[in-house]
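*Asks:* All I have is the shape, not the residue letters:
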């Protein structure tokens, strides 16, 4: 049975508008005009226990609206939403005590207190039994390397350290489901890797279902078997990273490093899209010419020192999908 | 929210209260600085009232000694006044992040109330003994009128603290409507400082005005406990006064809960 079921979820926000200038402000006092923006437009999907799903889309696509509905802090206009058999906004307290939420831009730790005291506080709020709590803290300390951070006040932590502590904080009550909203935003490379590795282990070893919203496509490639791509309140794609690639373009790239810089004669089957000294980047359609054939053709015609086939970077794919959908 | 859920969550709310208490106890320098200012103010008040009592022949509703007690208790417990809203909650409301508070399995009003109780208790606990001690040793503050008066005073201060925290929570919640700033809060604080007796003891107000003051919750903040201390309010009136303080606290708590529920409903429908 799916852990999350979302069916025909709709949410419209009303935004007050006024004409510019002083006159507009005065008019606005008497007569408000409203613009209605559809944040969620008949969204449907379902997620099975143990999945790790990337929820991606441009700014304003409806990602965080969805997460807010799923977390029980926003009521939709219509549609069905069931998380572990509960409707989040109707059974808020039982619902939120079984999920974990991390919003990358904010912290649920207490600014002036040592990290461990925030943990104790959450233990009391979530009513985690003492032995379970002790075991969880030990596990988190080991997995996330929090040892020396526990006694530090939160205000003295770096962003990466704080994020690791926030992840731990969201998991102290052993939720079966974790929403991560931009967990790697603003982190340095090392911290990003640490967060990714941790999320991956959590999902694999503990079977925690993870729903991840992010703009970092490296996060998606590293973690997600499944992607939900949303824009303007509609799901554009529900599938794997490979599905996403396939939908946009079959084109592949071949990077060739020549022995010497000499004039390049363009082939019919491949197009030059970039040149940097002796390094040439070609784009080709594998249905028209297979990679081995193209390579054979090139190596026989030119002096080639090195070459490798490249996939289109996922960033570009996503940008293309956004554009293709008229964004 | 049923009483049962509240009771089960008690440990959580208590933890929030004590965390906030510990957080605020870090600001010891502020307490010392505040103490110096307040002793200074107390001395100025003291001189004004001494001059006033010396220049009048008519008997006043409060003796000079009772007034001196009153003045020093105002300074020692000045933080009983609902001065300001909780800064962090204020920020959450301004940025719309307040919705995220709903992601915790807790009753929001109780969570905030506990937080405000803890946050306000800390600076009071830091300042009271310092100012009380100084005033009692050097500036004419007497001991409570009797051991029973001392007991009544302590209970009444606790009730005043509840009342004051209920007002603070209400002020904080009002920010959900007056997004731009804390105007309502500041206005309340100003009114409260006059109407509670922290500037002029209430018995010294004109008779007509006193009838109005008796109808308001603010006298429960300072006037009641401080007059119980010196015996100006007889012990026989104590149960009634305490009940009034608690009734006001309860009324304002209920009002706060209703307003918060309404504000949150708007928020979860209209988004953060």
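*Replies:* Nice, thanks for sending it over. These numbers were taken from a predicted model, which means no experiment stands behind them.
*Asks:* what does the stretch 101-250 of chain A have sitting close to chain B?
*Replies:* Within reach of chain B by Cβ under 8 Å from any Cβ of the partner chain, the stretch 101-250 of chain A has these residues: A:101, A:103, A:106, A:108, A:110-113, A:117-118, A:120-121, A:123-127. C-beta here means a position set from N, CA and C on the backbone, and glycine is covered the same way.
*Asks:* Those residues, buried ones only, as a PyMOL selection?
*Replies:* The following PyMOL line selects those of these that are buried, judged by 16 or more other Cβ atoms under 10 Å in any protein chain shown:
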select buried, chain A and resi 101+103+108+110+113+117+118+120+121+123+124+125+126
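*Asks:* In strands, which of the residues of the stretch 101-250 of chain A next to chain B fall?
*Replies:* Among those, the members falling in strands (DSSP state E) are A:101, A:103.
*Asks:* Strands of chain A, residue ranges please.
*Replies:* Using DSSP E, strands in chain A cover A:4-17, A:33-47, A:52-56, A:78-83, A:99-103, A:177-181, A:209-213, A:226-231, A:234-239, A:252-258, A:270-276, A:279-284, A:304-310.
*Asks:* Residue A:144 is nearest to which of the ones you listed?
*Replies:* Between residue A:144 and these, the shortest gap by Cβ to Cβ is with strand A:99-103, which sits at 12.4 Å.
*Asks:* tilt between the closest one and strand A:209-213?
*Replies:* Orientation note: strand A:99-103 sits at an angle of 20 degrees relative to strand A:209-213 (axes from the mean of the first three to the mean of the last three Cα atoms, to 10 degrees).
*Asks:* does the residue of the stretch 51-200 of chain B found nearest chain A sit in a helix or strand, and which one?
*Replies:* Nearest residue of the stretch 51-200 of chain B to chain A: residue B:105, at 3.7 Å (Cβ to the nearest Cβ). Assessed by DSSP states H and E, residue B:105 sits outside every helix and strand.
*Asks:* If we ignore the residues flanking it in sequence, what's nearest it?
*Replies:* residue A:97 (3.7 Å; Cβ to Cβ, 6 or more residues apart in numbering or on different chains).
*Asks:* my guess is that neighbour meets residue B:106, correct?
*Replies:* No. Using Cβ atoms under 8 Å, residue A:97 makes no contact with residue B:106, being 9.2 Å away.
*Asks:* So if I had to pick from those two, which one is more boxed in?
*Replies:* Shown here are residue A:97 and residue B:106; by other Cβ atoms under 10 Å in any protein chain shown, residue B:106 has more neighbours (25 against 16).
*Asks:* The more buried one against residue B:11, yeah?
*Replies:* No. Residue B:106 is not in contact with residue B:11 according to Cβ under 8 Å; the separation is 10.9 Å.
*Asks:* Quick one, grab the pLDDT at the residue nearest to residue B:105.
*Replies:* Here the pLDDT value assigned to residue A:97 is 90.
*Asks:* so what's it up against?
*Replies:* By Cβ atoms under 8 Å, 6 or more residues apart in numbering or on different chains, the contact list for residue A:97 reads A:126, A:127, A:173, B:105.
*Asks:* Need phi/psi at it.
*Replies:* Dihedral pair for residue A:97: phi -80, psi 0, per degrees, to the nearest 10.
*Asks:* show me where pLDDT drops low in the stretch 1-150 of chain A?
*Replies:* Within the stretch 1-150 of chain A, the stretches with pLDDT under 70 are A:18-19, A:24, A:28-29, A:32.
*Asks:* if you skip the residues just before and after it, what's nearest to residue 200?
*Replies:* By default, I'm working from chain A. Spatial nearest neighbour of residue A:200, excluding adjacent residues (Cβ to Cβ, 6+ apart): residue A:223 at 5.9 Å.
*Asks:* wait, I meant chain B there
*Replies:* Ranked by Cβ to Cβ, 6+ apart and with sequence neighbours excluded, the top spatial neighbour of residue B:200 is residue B:194, at 7.8 Å.
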